[in-house]
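Student: Sequence unavailable; structure follows:
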């Protein structure tokens, strides 16, 4: 095998994570409460993108540590709180949501992420909409 191919393979395996396309992406969340008069459209950022994974078809030939299935997840995040307009006094009108500051390819942490493939949900308002830019 030529030295160029060996070096290319080495750099590809070593720096593959830096070439992945996992980064904060703009996303709009629609939030409404039954008791409140309005739906709130919140512009935030989430982690989204492609992460390199290794094919598990060769699992009998490889060590368990070589069989990583990484996802695009939060490296650093913060929570912000928005006020849902038009809520009666007996209702808590606040909604807290995560904002991705930076992302990484890594194992999915079930403490703050849904790690299963989500079923298709609609993200829309059924009430008049108010926009919240955070």
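Tutor: Yep, it's here. This one's a predicted model, so the numbers in the text were calculated from it and none came from an experiment. Residues are numbered from 1 along each chain as shown.
Student: Which residue ranges of this structure form helices?
Tutor: 3-14 (DSSP state H).
Student: Quick check: which ranges of it have low pLDDT?
Tutor: For the chain, the stretches flagged by pLDDT under 70 are 1-20, 54-68, 112-122, 130-134.
Student: Let's see that with 80 instead.
Tutor: 1-20, 52-69, 108-134 (pLDDT under 80).
Student: Surely residue 126 is in contact with residue 32?
Tutor: Yes - counting by Cβ atoms under 8 Å, residue 32 is a contact partner of residue 126 at 6.7 Å. Placement of C-beta: from N, CA and C, glycine included.
Student: Mutual contacts of those two, please.
Tutor: Residues touching both residue 126 and residue 32 by Cβ atoms under 8 Å, 6 or more residues apart in numbering: residue 39.
Student: More neighbours: those two, which one.
Tutor: residue 32 (21 against 10; other Cβ atoms under 10 Å).
Student: What residues does the more buried one make contact with?
Tutor: 38, 39, 40, 84, 125, 126, 127.
Student: isn't the second one right up against residue 29?
Tutor: So the one you mean is residue 39. No - judged on Cβ under 8 Å, residue 39 makes no contact with residue 29 at a distance of 10.5 Å.
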